[in-house]
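In: predicted coordinates and the sequence they were generated for:
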Amino acid sequence: MSLKAFHIFFIVMSIALAFGFGVWGTRDYAQSGSVVHLALGVGSFLGSAALAFYGVWFLRKLKDVSYL
Amino acid sequence: MSVVIPYQVEPHPVTGVTSGKLGIWLFLASEVMLFGALFSSYVLLRVGAAVENWPTGVEAGLNVPIGTANTLVLITSSITMVMAWASLKMDNLAAFRRYFGTTIALGLVFLVVKAFEYSDKFGHHIFPATGWPEAGDPSVFYGLYFTLTGLHALHVILGILVNLWLLFFGVALWKTDKERLTGRIEIAGLYWHFVDLVWIFLFPTLYLL
């Protein structure tokens, strides 16, 4: 597996983390009222979207590089 | 007598990858076992512990905003690392130096923030053997926190040292064998990505759950 393939896997895992953290932040706000955690959660949702866009851009940029 | 390691640039006909890439994946497989054993220990100890003796990260005083910032730093460093490798693929040494230097700087930022976190814990008399909620209680949360994050930080330090060597000395290979240097940077990038991936699992496990 090349760095290109591992990087794509890493970005997918980062998107999952960012989305999960967003869920955690909003749920924590509902339970504890922590505005800081709500802000982090919302920022994390936005971050997961940004990472998804980056992933697509990365795939296009390195389309000629092998996955092996 | 000098020994030339075969298949440093062209793939081995049997494995389909270079010797270096095969070597780093074997090493990373052993690292998966090391961190996997520690994560398994965490899960078993947490499942077996009394609820009152196992805090969430927030209850234990871990700073979620700082942990989030450090996560962002490591994700960004992986992006700059892959960009450094892509720059060499595109024959752009100046861009490689910029991206690779940024990767090293971000690794150092991560360590400095981690050092502040540790310092804060020690300042509150929290050490690996400290229990929870009281210092003498039989909780091993902090023991696992310091073991997992400490081992991870050691891996970051090792990655930074290797990357520094590549940036200041290994890069001389560019003049004589571009493909070999690109292969070495890819191998360093695979290791760096693995270390960052470990943190992607550590952060929610220790700070959020």
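Out: Thanks, I have it. Residues are numbered from 1 along each chain as shown, chains lettered A, B, ... in the order given.
In: what about stretch B:183-191, near chain A?
Out: Yes: with Cβ under 8 Å from any Cβ of the partner chain as the measure, stretch B:183-191 is seen reaching chain A through B:186, B:189-190. All C-beta atoms are positioned from the backbone trio N, CA, C, and that covers glycine.
In: who in chain B is up against chain A?
Out: Residues of chain B lying close to chain A by Cβ under 8 Å from any Cβ are B:11, B:16-17, B:21, B:25, B:58, B:64-65, B:68, B:71-72, B:75, B:78-79, B:82, B:85-86, B:89, B:186, B:189-190, B:193-194, B:196-197, B:200, B:203-204, B:208.
In: just the buried residues of the residues you listed.
Out: Among these, those classed as buried by 16 or more other Cβ atoms under 10 Å in any protein chain shown are B:17, B:21, B:25, B:64, B:68, B:71-72, B:75, B:78-79, B:82, B:85-86, B:89, B:186, B:189-190, B:193-194, B:196-197, B:200, B:203-204, B:208.
In: grab the longest helix from chain A for me.
Out: With secondary structure taken from DSSP state H, chain A has its longest helix at helix A:3-32.
In: buried sites along that helix?
Out: For helix A:3-32, burial by neighbour count (16+ other Cβ under 10 Å) applies to A:3-4, A:6-8, A:10-11, A:13-15, A:17-19, A:21-22, A:24-26, A:28-29.
In: immediately after it, which helix or strand?
Out: Sequence-wise, the next helix or strand downstream of helix A:3-32 (DSSP states H and E) is helix A:35-61.
In: what helices and strands are in contact with that next one?
Out: Contact partners of helix A:35-61 among helices and strands, from 3 or more Cβ pairs under 8 Å, 6 or more residues apart in numbering or on different chains; DSSP states H and E: helix A:3-32, helix B:64-89.
In: any idea how far B:Ser30 lies from B:Thr80?
Out: For B:Ser30, the distance to B:Thr80 (Cβ to Cβ, to the nearest Å) stands at 26 Å.
In: from B:Leu22, how far out is A:Trp24?
Out: 39 Å.
In: alpha carbons of stretch A:56-68, as CSV, please.
Out: Extracted in CSV, the C-alpha atoms of stretch A:56-68 (Å, rounded to 0.1, in the frame of the first residue of the first chain):
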residue,chain,number,x,y,z
VAL,A,56,-11.8,14.5,-3.3
TRP,A,57,-9.2,17.3,-4.3
PHE,A,58,-6.3,15.0,-3.2
LEU,A,59,-7.6,12.1,-5.3
ARG,A,60,-7.8,14.4,-8.4
LYS,A,61,-4.4,15.9,-7.8
LEU,A,62,-2.7,12.5,-7.5
LYS,A,63,-4.8,10.6,-10.0
ASP,A,64,-1.7,9.4,-11.9
VAL,A,65,0.1,8.0,-8.8
SER,A,66,-0.3,4.2,-8.0
TYR,A,67,-2.1,2.9,-4.9
LEU,A,68,0.6,0.2,-4.4
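In: which residues are contacting it?
Out: For stretch A:56-68, the external contacting residues (Cβ atoms under 8 Å, 6 or more residues apart in numbering or on different chains) are A:1-2, A:4-5, A:7-8, A:11, B:11, B:16-17, B:82, B:86, B:89.
In: show me what counts as buried in that stretch.
Out: By 16+ other Cβ under 10 Å, the buried positions in stretch A:56-68 come out as A:58, A:62.
In: about what we covered before: quick one: average pLDDT of the longest helix of chain A?
Out: Per-residue pLDDT over helix A:3-32 has a mean of 96.
In: could you do stretch B:13-28 as well?
Out: Per-residue scores along stretch B:13-28 average to 92.
In: one more: stretch B:152-161?
Out: The model assigns stretch B:152-161 a mean pLDDT of 98.
In: and for stretch B:87-102?
Out: Averaging pLDDT along stretch B:87-102 yields 97.
In: return the distance of it from the chain's centre.
Out: Remark: stretch B:87-102 is offset 21 Å from the chain centroid, using Cα atoms, centre = their mean, to the nearest Å.
In: what lies in contact with that stretch?
Out: Contacts of stretch B:87-102 (Cβ under 8 Å, 6+ apart): A:62, A:65, B:77, B:80-81, B:83-85, B:163, B:166-167, B:171, B:174, B:178, B:181-182, B:185.
In: out of the buried residues of helix A:3-32, who's near chain B?
Out: Filtering the buried residues of helix A:3-32 for neighbours of chain B using Cβ under 8 Å from any Cβ leaves A:3-4, A:6-7, A:10, A:13-14, A:17, A:21, A:24, A:28.
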